[in-house]
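Participant: sequence first, predicted coordinates after that:
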Amino acid sequence: DHDVRHLDADELGVVPGTETRPVEWGLDGRTVVVLVGLTGAGKTTTVEHLAVLMSPAAILPDRRALTDRVILPSMTGGTAAVTDRVEQFRLTAAFKERHPGGMGEVLSWLRLPSDLPAGPILFDGLRGEAEVTAAAALPDGRFLVLDCPPSHRLWRLCGRNDPFDQASATMTVDASAHGSEAVRAALRGEGFDALVAEADFARLVRTLVDRSIEPEVVARSAAIIVEESHHYDPGQAQAALMRLAPDRTLVLDTAKLDPETVARTAVEWLAAG
């Protein structure tokens, strides 16, 4: 929504520290709606719908922008951009050694602009047990967990789908052996077959081939999801929230619900509690 303020990372103050909670213009005095989910779960689409339905006070910069604004400078001691991907990964890993809560901990450091109106703040988003555990300390944090199986997330990453497309759950078209073998090899080459059941794997292959997704695109998308699975376990993140903040957590299956339903259900839940 064009009336919703999307905060730039440079508009935020940052006060690191674990001893003191944020006070003036911090997030403690705000309802903070935090989306939790892995790549392809539908966080960005959900934020777009929530912005229209909720009219939040503001949307925080996404995790990549906050990494550039907070995490990398805290490790380098400077403000120069870190463009080397390997160096970015090394610095982010080093940050987590010092601050196990990662991005979840960073949220408690943020200071909002003083001119923001009253209302909730949206953030997209957190991943993994450590991040949500740290963020659960926000007294008015509300957590919207977008659950989605790997096969659906891969299909979305391949870029040939509408938001929350359910084709991978319904497609039954047989494909040529040649096309199937290439796609199957691309998925297995990245280790994606270890993430899904055999029947889901076969259905996904049929869907990708029928929609003419190139094996190179399949491999690239699979690599992202497999690599992410090595660092973040969505089941553990969900379990942590249900243990630490059960009354402030809503879990929705974005493989079964369309974006409008997800956003509407979330808004009704927020209003009720």
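Facilitator: Yep, that arrived.

Participant: show me where the stretch 51-200 of the chain has helices.
Facilitator: Taking DSSP state H, counting those that start in this stretch, the helices of the stretch 51-200 of the chain run over residues 63-66, 72-76, 85-98, 102-107, 128-135, 150-157, 167-170, 177-189, 198-210.

Participant: and the closest residue to G141 other than its chain neighbours, what are its phi and psi?
Facilitator: Spatial nearest neighbour of G141, excluding adjacent residues (Cβ to Cβ, 6 or more residues apart in numbering): V32 at 4.9 Å. From N, CA and C alone the C-beta is placed, and that goes for glycine too. Dihedral pair for V32: phi -110, psi 110, per degrees, to the nearest 10.

Participant: where among the helices of the stretch 51-200 of the chain is average confidence lowest?
Facilitator: Mean pLDDT is lowest for helix 167-170 among the helices of the stretch 51-200 of the chain, at a mean of 34.

Participant: does the residue nearest to G141 touch L107 like I think?
Facilitator: Yes - judged on Cβ atoms under 8 Å, V32 makes contact with L107 at a distance of 7.2 Å.

Participant: which residues are common contacts for these two?
Facilitator: Counting by Cβ atoms under 8 Å, 6 or more residues apart in numbering, the common neighbours of V32 and L107 are F123, L138.

Participant: compare these two (neighbour count), which wins?
Facilitator: L107 (26 against 22; other Cβ atoms under 10 Å).

Participant: close enough to count as contact, the more buried one and A137?
Facilitator: No - between L107 and A137 there is no contact under Cβ under 8 Å: 9.2 Å.

Participant: low-confidence ranges, the stretch 1-150 of the chain, go.
Facilitator: Applying pLDDT under 70 to the stretch 1-150 of the chain flags residues 1-2, 18-24, 85.

Participant: so where do the strands sit in it?
Facilitator: 13-14, 32-36, 58-59, 110-111, 121-126, 141-147 (DSSP state E, counting those that start in this stretch).

Participant: around D247, how many other residues sit close by?
Facilitator: Applying other Cβ under 10 Å, I find that D247 has 8 neighbouring residues.

Participant: for D247, which of the helices of the stretch 51-200 of the chain is the nearest?
Facilitator: Minimum separation from D247 across the helices of the stretch 51-200 of the chain (Cβ to Cβ) falls at helix 128-135, 14.8 Å.

Participant: mind checking how far the closest one is from the chain centre?
Facilitator: Its chain's C-alpha centre and that of helix 128-135 lie 12 Å apart, by Cα atoms, centre = their mean, to the nearest Å.

Participant: now the strands of the stretch 1-150 of the chain in CSV, with distance to D258?
Facilitator: Below are the strands of the stretch 1-150 of the chain laid out as CSV (distance: least, Cβ to Cβ, whole Å):
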stretch, distance to D258
strand 13-14, 37
strand 32-36, 17
strand 58-59, 21
strand 110-111, 32
strand 121-126, 18
strand 141-147, 13
